[in-house]
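1. Whatever this is, show me its structure:
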Amino acid sequence: IPSVSSAATAALAPSSIRQALTILGALFQYLLDAGYLRANPLALARRQKRGLAQSPGVERYLDAELWQVVQDTLEALPRRGARDIQHYERARWLFHLLYLTGARRTEVARAVMGDIVQRRGLWWWRVLGKGNKIGDIPVGDSLLAALQRYRSHCGLPPLPLPGEATPLVGRVNQPGKLDTLSDKAIYLIVKQVFRLAAEREPAQAERLAAASTHWLRHTAASHQLEAGVPLLVVSQNLRHASIQTTRKYLH
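-> Below is the predicted model:
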């Protein structure tokens, strides 16, 4: 039987090392969740070892300067005829919706106007999200104004009616009528605007051309955190299962 001194100095078996690291990782994660740490050092070390640590240059979000380019591109969309105007108003509303809520395009595609409801003087969007989980997203003044503008353009009353089945974003066939727009169509509309933005900003063309609907979700979270919105609030609005998922938007 080895003595205590020799056992203390003997090298640990690989399985024992893995078990010790697992225990330490769980401990650090608990301290992180409880607010005692700002990061889990073991998780960071594993991420760096696997080469997963990303530089800011490859993160999928748009900084304030590029976001302004996108907004300028939206306002420069042609409005020569009725069809152009319809496309412009729809694209404008779609970008407001995705950016101000951080919603996924699938959530937008299956939403109806009646999902936006007023409770105790505040407006909320009841979302059927990932994994069929239901969540509420606050509808602020800017988003409400954009919604009213889009509805008025489509020949609808300014505010949604209870139980209204009109698609939240749709294809305009005739005044007062909207047909459902697929999530693929939403993706293509957003990509077209990003391609036009890339033409306006050649120095950032590659980055803008790579952007997609999900970049707007990342951009929404990043800009909210940069503006000082609490991490917990952003996490709740994005309906993340863990606040750690939201932390990656802290640039």
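
2. CA only for contacts and neighbour counts going forward, please
-> Will do.

3. OK, contacts around the residue nearest the centre of the chain?
-> Closest to where the C-alpha atoms of the chain average out (CA atoms, centre = their mean) is residue 217, at 1.8 Å. The contact partners of residue 217, taken as CA atoms under 8 Å, 6 or more residues apart in numbering, are 98-99, 101-104.

4. 10 Å instead?
-> Residues in contact with residue 217 (CA atoms under 10 Å, 6 or more residues apart in numbering) are 60-61, 98-105, 238.

5. want to try JSON lines for those residues, with distance to residue 136 and pLDDT as columns?
-> What follows is these, written out as JSON lines (distance: CA to CA, whole Å; pLDDT from 0 to 100):
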{"residue": "60", "distance to residue 136": "25", "pLDDT": "85"}
{"residue": "61", "distance to residue 136": "23", "pLDDT": "88"}
{"residue": "98", "distance to residue 136": "15", "pLDDT": "96"}
{"residue": "99", "distance to residue 136": "16", "pLDDT": "95"}
{"residue": "100", "distance to residue 136": "14", "pLDDT": "94"}
{"residue": "101", "distance to residue 136": "10", "pLDDT": "93"}
{"residue": "102", "distance to residue 136": "12", "pLDDT": "91"}
{"residue": "103", "distance to residue 136": "11", "pLDDT": "93"}
{"residue": "104", "distance to residue 136": "14", "pLDDT": "92"}
{"residue": "105", "distance to residue 136": "16", "pLDDT": "93"}
{"residue": "238", "distance to residue 136": "9", "pLDDT": "83"}
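
6. And the strands in the stretch 51-200 of the chain?
-> In the stretch 51-200 of the chain, the strands defined using DSSP state E, counting those that start in this stretch lie at 116-119, 122-128, 134-139, 170-174, 177-180.

7. averaged over its residues, what pLDDT does the helix or strand hosting residue 20 have?
-> Assigned by DSSP states H and E, residue 20 belongs to helix 14-33. For helix 14-33, mean pLDDT rounds to 74.

8. Now do the buried residues in it.
-> 25, 28-29, 32-33 (16 or more other CA atoms under 10 Å).

9. helices or strands up against that helix?
-> helix 41-49, helix 243-247 (3 or more CA pairs under 10 Å, 6 or more residues apart in numbering; DSSP states H and E).

10. Distance from the chain centre to that helix, please.
-> 31 Å (CA atoms, centre = their mean, to the nearest Å).

11. before we move on, what about stretch 78-95?
-> 23 Å.

12. can you check stretch 242-251 too?
-> The mean C-alpha position of stretch 242-251 is separated from the chain mean by 12 Å, CA atoms, centre = their mean.

13. where does the stretch 1-150 of the chain dip in pLDDT?
-> Residue ranges of the stretch 1-150 of the chain with pLDDT under 70: 1-11, 15, 33-35, 38-39, 42-58.

14. quick revisit: residue 247: which of the strands of the stretch 51-200 of the chain is closest?
-> Among these, the nearest to residue 247 by CA to CA is strand 134-139 (19.1 Å).

15. quick one: buried residues of that closest one?
-> 135-137, 139.

16. Nearest to residue 242 among those residues?
-> Using CA to CA, these come closest to residue 242 at residue 135, 14.4 Å.

17. Wait, that closest one touches residue 235, no?
-> No. Judged on CA atoms under 10 Å, residue 135 makes no contact with residue 235 at a distance of 11.8 Å.

18. Narrow the contacts of residue 217 to those in helices?
-> Counted as lying in helices by DSSP state H, out of the contacts of residue 217, are 98-101, 105, 238.

19. would CSV of those residues with neighbour count be doable?
-> Compiled in CSV, the ones in helices among the contacts of residue 217 are given as follows (neighbours: other CA atoms under 10 Å):
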residue, neighbour count
98, 23
99, 21
100, 22
101, 22
105, 22
238, 24
